[in-house]
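Q: Quick one, fold the following:
(one chain, ligands or ions: 1)
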Amino acid sequence: MYNEEISKIKKELETVFNDINTKEALENIRQEYMGKNGSITELGSKIREVANEDKKAFGMSVNELKNIFNENYEKISEALEEQEINEKLNKEAIDVSLPGTKIEVGSAHPLERIIESLENLLMSMGYDVVEGPEVEKDLYNFELLNLPKGHPARDAQDTFYIKGDEYLLRSQTSPVQVREMLRCEGKEPIRIICPGKTYRRDEDDATHSHEFTQMEGLLVDKNITLGDLKGTFEEVAKMLFGESRETRFRPSFYPFTEPSVEMDISCFNCNGKGCSLCKGTGWITVGGAGMVNPIVLKNCGYDPSIWNGFAFGFGLERLAMLKYGISDIRTFYVNHDIRTLKEFDRREY
Ligand code: DAH
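A: I've put the predicted structure just below:
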């Protein structure tokens, strides 16, 4: 019984697995033979109709079919699995000889360059970098720096006040000096620099901006002289503008320093001979400085009979404009084109 059916399926199984090369095709064949309505499954269910004495032989035949099927199925399934893994490996293989994807490297903003090189130099001389708030008290920005209300020097720093006259946008980084001295309570020497944003009510043009950047320096210790300041400035000048720079101090006035000086460097454009950049003088002013006024020391808790020191302030846009030949201060705030920034790579000394 059913012998014909059995040998038909057996015959089919010899070829049905040929050319199976996808999992889907294999699954279809499984359904066709071993699924709920598959031909081997259906054949197996016919056992009820088989005469008792033939049941054993019939069962064995059906089992043989199942075994043949399963053997083939396993073999092909494994092969397909392996093939899939190999394909995946091939696809994901890394070809180390391929050229890499080029990553565009950024370029530092000129102000950032100036800040970083000043920080590196002055930190190597023992200075710490500190920060102060941009919204500052009048007390720290002016009062304790020997600029009491009504002092004419306040006019030079036309200031943004915030609600009343107690708070303002700092017009200089000098209040950080005050904060640092107060923090140290007149007890220890101080060596700090403070780069940061400053604000003045200026009309914006090629050389003025209502927001700009300064770097303040303060050194408080014992027996400090103007010579120490000069030596420090000389290092800064040479680092920023080349070894052959010469430096000079010109008398000046700041309420927080006494004496006060303007710091000049010999013109790097004409080497001191006189040109349009230095307006024929051979010198370029790059910052203000002086010996810390004893009044300021006292205001901030330092006994001027024991302590003294110097302070300096640089306008960082000015330094960057000189160093990188930038003629318009607004360049710093609007132009962040990477190609422009890369230009500055070539202008390092
Ligand atoms: N704060 C001054 C300004 O904004 C710059 C300055 C001058 C700072 C002399 C100093 C200094 O510390 O000693 O114009």
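
Q: Next SSE downstream of the strand or helix carrying Asp54?
A: Per DSSP states H and E: Asp54 is located in helix 52-92. Downstream of helix 52-92, the next assigned helix or strand under DSSP H and E is helix 110-124.

Q: Can you tell me which residue of the stretch 201-349 of the chain sits closest to the ligand?
A: Nearest residue of the stretch 201-349 of the chain to the ligand, counting by C-beta to the nearest ligand atom: Gly313, 2.4 Å away. Every C-beta, even on glycine, is put in place using the N, C-alpha and C of the backbone.

Q: Could you list the contact residues of the stretch 51-200 of the chain toward the ligand?
A: Applying C-beta under 6 Å from any ligand atom, one finds that the stretch 51-200 of the chain approaches the ligand through 172, 174.

Q: and the residue in the stretch 51-200 of the chain that the ligand sits nearest to, what are its phi and psi?
A: Across the stretch 51-200 of the chain, the shortest distance to the ligand (C-beta to the nearest ligand atom) belongs to Gln172, at 3.6 Å. Taking degrees, to the nearest 10, you get phi -160, psi 170 for the backbone angles of Gln172.

Q: Tell me the pLDDT of it.
A: pLDDT recorded at Gln172 is 97.

Q: In terms of secondary structure, what does the helix holding Asp54 contact?
A: helix 3-15, helix 23-34, helix 39-45 (3 or more C-beta pairs under 8 Å, 6 or more residues apart in numbering; DSSP states H and E).

Q: for it, the distance to its chain's centre please.
A: In this view, helix 52-92 has its centroid 59 Å away from the chain centroid, taken as C-alpha atoms, centre = their mean, to the nearest Å.

Q: do the same with stretch 164-177
A: 28 Å.

Q: Just the buried residues of that stretch, please?
A: 167-177 (16 or more other C-beta atoms under 10 Å).

Q: Quick check: closest non-adjacent residue to Gly196.
A: Thr173 (5.3 Å; C-beta to C-beta, 6 or more residues apart in numbering).

Q: so which of the helices and strands packed on helix 52-92 gets nearest Leu240?
A: helix 23-34 (69.8 Å; C-beta to C-beta).

Q: Can you check what angle separates that closest one from helix 52-92?
A: Angle of helix 23-34 versus helix 52-92, following axes from the mean of the first three to the mean of the last three C-alpha atoms, to 10 degrees, is 180 degrees.

Q: Against Ile9, how distant is the residue nearest to Gly196?
A: Thr173 sits 93 Å away from Ile9, taking C-beta to C-beta, to the nearest Å as the criterion.

Q: One more: Pro195?
A: From Pro195 to Ile9 the distance is 87 Å (C-beta to C-beta).

Q: Of the two, give the one with the bigger neighbour count.
A: For Pro195 versus Ile9, neighbours defined as other C-beta atoms under 10 Å are more numerous around Pro195 (23 against 20).

Q: Brilliant, that's me finished.
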